[in-house]
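Undergrad: starting from these lines, generate the structure:
(6 chains)
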There are 6 protein chains.
Amino acid sequence: MAKSPMDSQITMTELVLPNDTNVFGNLMGGRLMYWMDIAAAICATKHCNAQVVTASVDNISFESAIELGNVVHIEAKLSRAFSTSMEVHLKVWGESFKNQERYKSNEAYYTFVALDANRKPTRVPELVPGTDEEKRLFEGALRRRQLRLILGGKMRPEDADELKALFIQVRPGL
Amino acid sequence: MAKSPMDSQITMTELVLPNDTNVFGNLMGGRLMYWMDIAAAICATKHCNAQVVTASVDNISFESAIELGNVVHIEAKLSRAFSTSMEVHLKVWGESFKNQERYKSNEAYYTFVALDANRKPTRVPELVPGTDEEKRLFEGALRRRQLRLILGGKMRPEDADELKALFIQVRPGL
Amino acid sequence: MAKSPMDSQITMTELVLPNDTNVFGNLMGGRLMYWMDIAAAICATKHCNAQVVTASVDNISFESAIELGNVVHIEAKLSRAFSTSMEVHLKVWGESFKNQERYKSNEAYYTFVALDANRKPTRVPELVPGTDEEKRLFEGALRRRQLRLILGGKMRPEDADELKALFIQVRPGL
Amino acid sequence: MAKSPMDSQITMTELVLPNDTNVFGNLMGGRLMYWMDIAAAICATKHCNAQVVTASVDNISFESAIELGNVVHIEAKLSRAFSTSMEVHLKVWGESFKNQERYKSNEAYYTFVALDANRKPTRVPELVPGTDEEKRLFEGALRRRQLRLILGGKMRPEDADELKALFIQVRPGL
Amino acid sequence: MAKSPMDSQITMTELVLPNDTNVFGNLMGGRLMYWMDIAAAICATKHCNAQVVTASVDNISFESAIELGNVVHIEAKLSRAFSTSMEVHLKVWGESFKNQERYKSNEAYYTFVALDANRKPTRVPELVPGTDEEKRLFEGALRRRQLRLILGGKMRPEDADELKALFIQVRPGL
Amino acid sequence: MAKSPMDSQITMTELVLPNDTNVFGNLMGGRLMYWMDIAAAICATKHCNAQVVTASVDNISFESAIELGNVVHIEAKLSRAFSTSMEVHLKVWGESFKNQERYKSNEAYYTFVALDANRKPTRVPELVPGTDEEKRLFEGALRRRQLRLILGGKMRPEDADELKALFIQVRPGL
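TA: Here you go, the predicted model:
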């Protein structure tokens, strides 16, 4: 049974409390990755109705610091389902009430594997993207997967056709 | 003043307690990334004697689950210093006392920016690699940096000379 | 400047982890009230763009237990703004992936006071309800406020006109 | 076997640490409700020698802010036992050592249901109030219970005889 | 101004939750020492009306394991005040509701130093013991202090008259 | 099978975060004892390959305050193995990056008992000290054990031969 990204999309909202901050009074990167992991796991679990474990996390860049007392919004949405794994796309914003502004903090991809009761990988439903952005994320997932396989030493760079093309002809970003 | 990777290397040891685990009784990926962030930040801070903030995290793959009651060993070592940023290489093992074995969990690169008292990026000491492994990590850092710049949309793939070579001629891994 | 309840509505999603549970392996009532307080505070802060403190919490009934590994959804929406205080309406659901069901856990009203930089109560924007449900919550807020004033010993029962009517003629609930 | 309120009365003392505070450096309402829930649950468990779950919480008003570094005293005492549920009365004080003063923070009623090994409600011992204050709390418990039933939609206001009287003739408080 | 041990005595009650336990499901020794430190610090602060820091902790023996879901009672009472430091005596019990029993867990002495606003040691009020047990604890404090000074390398064993006597003539315990 | 202290030695590194601090912004004594307990338990578990529980903790003196943002290094090394128990020697340093200094915080001995699957004490491997410092710690362990037995009321002072000698002839410390 195929599902849409909307079926499992979730929003998580957290308040930056003293213990979440570093010596500058800003949200620690590690705490944010922890929240992102929980948000992404909930999203993946909703898609497959099975328990999931984190398999990998893509490159994360932290663009803006989020201050103590600000709010963190994490949006998690499935970008592609493979046979037993799922890639989740995360967008993170900070929100300051003093300045009445919402600013982008970072974006990332987390990949999860679905496990059955014996802790063995189990098949997950197909994902059918609907909107243009969902289709763009769905297509990019193949390139990101090849990159993960190369980085994990499970694919040779010269076999990564999708990725290779990137370095030979100009494309508008990964 | 140049420094060696040994000058800032640190080891962190944590015990997996109930609140660190998922529904399978294994260490949550998000909790591990949180500990890795702290270990890497301590290592970067030791190198530059300044406060640091997490700038980016490279692809992380989780190879083996670490069970409740097992011990987590995190080794953090500087792989390269750029002008105001530092790349830290992390190795993570789990250790089970019941089975008397130590098994690899994952490996990752975290990048930090050094900040001065006004929260502006500040120069960090040069890093001079000593051992063969340190030299290999030092050289790979350029390729990983180009990859981060491309993924962050700050460099065009066709300008990433170091990385491009990977996809044209065969090399033994990133 | 008047605002709509939609302007400050937020959704919070949490995963029930081991340390959130009681000896039955279910979410503790106290932990849920803690999360509801944060969700409601974020909502009130968004409405008034000022810092807020919890002033009171209405009667909360816990209908269904939420198990370890289930997800908690908390929806917070402003029901009425008074001169310097705001009443937030909270709805809480649990979600079980094993049974693929979403079940109501409880509902509550939290009241916050907006404070200025000197920690003195400060005026908040007016709230204009739009939908029928928003209007129903807006009207009920007066009765709930009289009840809070009586319970706090700040109003005599015989002066609570809105509430008194409830006990003399039949109405469809508070 | 009947028991006295003294048999299960407990006192809980907590120190307000950084992670318990809001942006004003005061104890968060949600954290206090969490502590009150634990204190009240311990008290109810002592009375019935069975595991208990939180069933409902009455209106709570927060009177005074409790600062970082101050101490919180929570006194929990059973006010009435019904067939399978118990109402616990809580009094909360803050204590500042700098000013050498102890100030009232708030007061509340938490209700718990006793569960047997199959998680079914089970009978609890009778409570026999001794002092005048214990008798006053015992009698008020009926009115508070009617109010909870009305607020929960399980009783019609016109059937709440104890409560109704309040709004027709003047009484000295709920 | 002299004070009695009763003036600063406090009782702390905690519930053993999942994250407080070791792999056997019992309260971790380290968590209990953390709670004892907070209880003792509150007691010392009440005596001197100043901020305090932990200076030393005496030998602690853990007699009985406290299980998940049991309650911990910590009683903290000043045993002696020196010029700028105070020794606090702690008694810890576990309580099981299933077995309706209260069992002793351990006993310890924590010593605190009072600090003024410049973080310099400051004088504390005298302590005048009342009951026989208070007098016994007060007298033993001198011997324990000599032992601490010897263990800390700040006193030679042969100068510890109070303690020395113990090893030459038989006495009924330290 | 005899083992060396090096076989089970571990190093733990922690960052002092806001929730670990007291009102002075320094690491709380109780939090440090909690970390020391975990570090020592990991060390003891490595030596005996069995689960362990904290049996006792020797006198701990806190020499220097460790500030927020500083790093804590805990080194745990077995000092002696008895039939079913092990004494672990802990050394703690703080490290400040601003001042580029590493300062001693404290030193302590924690004793653990090894338990089998039925939670009964079980035999542990012998420990053979190698270096001069390891031999010194190994020998001192007997005196510390006599002191623990006396303090716990399980040995009469006049029977503690090792300890008694200390008070009669001058020795260079315990």
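
Undergrad: three-state assignment of the most centrally placed residue in chain A?
TA: Within chain A, one residue has its C-alpha closest to the average C-alpha position: by CA atoms, centre = their mean, that is residue A:109, at 2.8 Å. Judged by DSSP: H, G, I helix; E, B strand; the rest coil, the three-state class of residue A:109 is strand.

Undergrad: so what's the residue nearest to residue A:107 when sequence neighbours are not counted up against?
TA: Leaving out its chain neighbours, the residue that sits closest to residue A:107 by CB to CB, 6 or more residues apart in numbering or on different chains is residue A:91, at 5.4 Å. C-beta here means a position set from N, CA and C on the backbone, and glycine is covered the same way. The contact partners of residue A:91, taken as CB atoms under 8 Å, 6 or more residues apart in numbering or on different chains, are A:74-75, A:104, A:107.

Undergrad: quick one: the strands in chain A?
TA: Taking DSSP state E to define them, one finds strands in chain A at A:10-15, A:51-57, A:60-61, A:71-81, A:85-96, A:101-115.

Undergrad: what is the rounded mean pLDDT of the fifth one?
TA: This means strand A:85-96. Averaged across strand A:85-96, the pLDDT comes to 95.

Undergrad: and stretch A:64-81, what's buried?
TA: Neighbour-count burial for stretch A:64-81 flags A:65-81 (criterion: 16 or more other CB atoms under 10 Å in any protein chain shown).

Undergrad: let me see the confidence value for the residue nearest to residue A:50 when sequence neighbours are not counted.
TA: Using CB to CB, 6+ apart and skipping the chain neighbours, the partner closest in space to residue A:50 is residue A:114 (4.4 Å). On pLDDT, residue A:114 comes in at 95.

Undergrad: tell me which helix or strand in chain A has the weakest average pLDDT.
TA: In chain A, no helix or strand scores lower on mean pLDDT, DSSP states H and E than helix A:161-168, which sits at a mean of 67.

Undergrad: so is stretch A:121-137 next to chain B?
TA: No. Judged by CB under 8 Å from any CB of the partner chain, stretch A:121-137 stays clear of chain B, getting no closer than 12.8 Å.

Undergrad: export that stretch to CSV, keeping only CA atoms.
TA: The C-alpha coordinates for stretch A:121-137 follow below in CSV (Å, rounded to 0.1, in the frame of the first residue of the first chain):
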residue,chain,number,x,y,z
PRO,A,121,14.8,-5.5,8.7
THR,A,122,11.3,-5.6,7.3
ARG,A,123,9.7,-4.2,4.2
VAL,A,124,8.1,-0.7,4.3
PRO,A,125,5.3,0.8,2.2
GLU,A,126,6.1,2.6,-1.0
LEU,A,127,6.2,6.5,-0.8
VAL,A,128,4.5,8.4,-3.6
PRO,A,129,5.5,12.1,-3.7
GLY,A,130,2.8,14.6,-4.6
THR,A,131,4.0,18.2,-4.7
ASP,A,132,6.9,19.5,-6.8
GLU,A,133,9.1,19.8,-3.7
GLU,A,134,8.3,16.3,-2.6
LYS,A,135,9.3,15.0,-6.1
ARG,A,136,12.6,17.0,-6.0
LEU,A,137,13.4,15.5,-2.5
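
Undergrad: for residue C:49, see how far away the residue lying farthest from the centre of chain A is.
TA: Distance from the centre of chain A peaks at residue A:98, with 29.1 Å (CA atoms, centre = their mean). According to CB to CB, to the nearest Å, residue A:98 stands 8 Å off from residue C:49.

Undergrad: low-confidence regions, chain A specifically.
TA: Residue ranges of chain A with pLDDT under 70: A:152, A:165-174.

Undergrad: contacts only, for the residue in it that chain E sits nearest to.
TA: As assessed by CB to the nearest CB, chain E sits closest to residue A:19 within chain A, at 14.4 Å. Applying CB under 8 Å, 6+ apart to residue A:19 gives the contacts D:18-19, F:17-19.

Undergrad: and what of residue A:57?
TA: Neighbouring residues of residue A:57 by CB under 8 Å, 6+ apart: A:33, A:37, A:108-111, B:29, B:33, B:57, B:59-60.

Undergrad: which one of the residues you listed is nearest to chain C?
TA: Using CB to the nearest CB, the contacts of residue A:57 come closest to chain C at residue A:37, 9.9 Å.

Undergrad: isn't that closest one right next to residue B:29, touching?
TA: Yes. Counting by CB atoms under 8 Å, residue B:29 is a contact partner of residue A:37 at 5.2 Å.

Undergrad: which neighbours do those two have in common?
TA: With CB under 8 Å, 6+ apart as the test, residue A:37 and residue B:29 both reach A:54, A:57, A:110.

Undergrad: kindly provide the distance from the closest residue to the first one other than its chain neighbours to residue A:80.
TA: Looking back up the chat, that one is residue A:54. Leaving aside its sequence neighbours, residue A:54 sits nearest to residue B:29 (CB to CB, 6+ apart; 2.9 Å). As for residue B:29, its distance to residue A:80 is 19 Å (criterion: CB to CB).

Undergrad: with residue A:125 instead?
TA: With CB to CB as the criterion, residue A:125 and residue A:80 are 12 Å apart.

Undergrad: OK, contacts around residue A:43?
TA: Neighbour list for residue A:43: A:8-10, A:76-78, A:88 [criterion: CB under 8 Å, 6+ apart].

Undergrad: spell out which residues of chain A are next to chain C.
TA: A:10-15, A:38-39, A:41-42, A:45-46, A:49-51, A:69, A:71, A:95, A:97-98, A:100.

Undergrad: got a quick PyMOL command for the buried subset of the residues you listed?
TA: In PyMOL syntax, the buried subset of these is picked out as below (16+ other CB under 10 Å):
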select buried, chain A and resi 10+11+12+13+14+15+38+39+41+42+45+46+50+51+69+71+95+97
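
Undergrad: residue A:130: neighbouring residues, count only.
TA: Residues contacting residue A:130 under the criterion other CB atoms under 10 Å in any protein chain shown number 11.
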